[in-house]
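Trainee: coords below, sequence missing:
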């Protein structure tokens, strides 16, 4: 099983450029998440989708938008990248029930110069 | 709002010795608690979880965790550490909402 697949793995953007991070899961999970990981900050939730057709803001949504394209895919878009968005981005998915664990992709390392 | 605290940025232990990585949490309602491990340049891997039942939970790679409701803690333990256990460990909590809140992480370094 592929699990959670993120593309691209690495990206360098110039300030003001836009890009979309793609995420797909093949586990028939209901919920999907986007986190960013910064040194000393742990993982912070950007946006999540509890089920197909719904999206909600997390802890740090400013500067980002998301689309739950279908049950498998959940994309994260940076409309106008800023250096503060330099980070490692992780997509995750879970069945969505309270006691179920989340499964993570391998991450996208984004640098904004 | 739910929160997780991992009070140690780094834990050092010699190979063969027992290890403990600490985690305390705050949540309204019943907690669902998780431990994840992250190796360099990799995603997070699920280790174990507490939902209900026995306070001692066993997981992958010989790890276990003890849930203590009165102390609101969920410490990760292993009886005998391996050098290959060296990694970044995250504690996480979820309540009735669908989101997972993570601690800042604890780097475990196991020396030969």
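Mentor: Great, that's in hand. Note that the structure is predicted; figures quoted are calculated from it, not measured.

Trainee: identify the bridge partners of the closest residue to residue A:47 other than its chain neighbours.
Mentor: Leaving aside its chain neighbours, residue A:47 sits nearest to residue A:66 (4.3 Å; criterion: CB to CB, 6 or more residues apart in numbering or on different chains). C-beta coordinates here come from the backbone N, C-alpha and C atoms, glycine included. Beta-bridge pairing for residue A:66 (DSSP bridges): residue A:76.

Trainee: state the pLDDT value of the most centrally placed residue in chain A.
Mentor: Nearest to the mean C-alpha position of chain A, by CA atoms, centre = their mean, lies residue A:34 at 2.8 Å. Listed pLDDT for residue A:34 reads 97.

Trainee: then the one 5 residues further on?
Mentor: Residue A:39 is assigned 87 on the pLDDT scale.

Trainee: cool, and residue A:8?
Mentor: Per the predicted model, pLDDT is 96 at residue A:8.

Trainee: dump the residue contacts of it.
Mentor: Contact analysis of residue A:8 by CB atoms under 8 Å, 6 or more residues apart in numbering or on different chains lists A:21, A:108.

Trainee: pull up the gap between it and residue A:95, please.
Mentor: Distance, residue A:8 to residue A:95, using CB to CB, to the nearest Å: 27 Å.

Trainee: repeat that for residue A:74.
Mentor: 15 Å.

Trainee: can you pull the contacts of residue A:33?
Mentor: Taking CB under 8 Å, 6+ apart, one finds A:45, A:47-49, A:58, A:74, A:91-94, A:102, B:99-100 in contact with residue A:33.

Trainee: can you lay out these as CSV showing neighbour count?
Mentor: Shown next, in CSV, are the contacts of residue A:33 (neighbours: other CB atoms under 10 Å in any protein chain shown):
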residue, neighbour count
A:45, 20
A:47, 22
A:48, 26
A:49, 22
A:58, 18
A:74, 29
A:91, 29
A:92, 26
A:93, 26
A:94, 23
A:102, 25
B:99, 18
B:100, 25
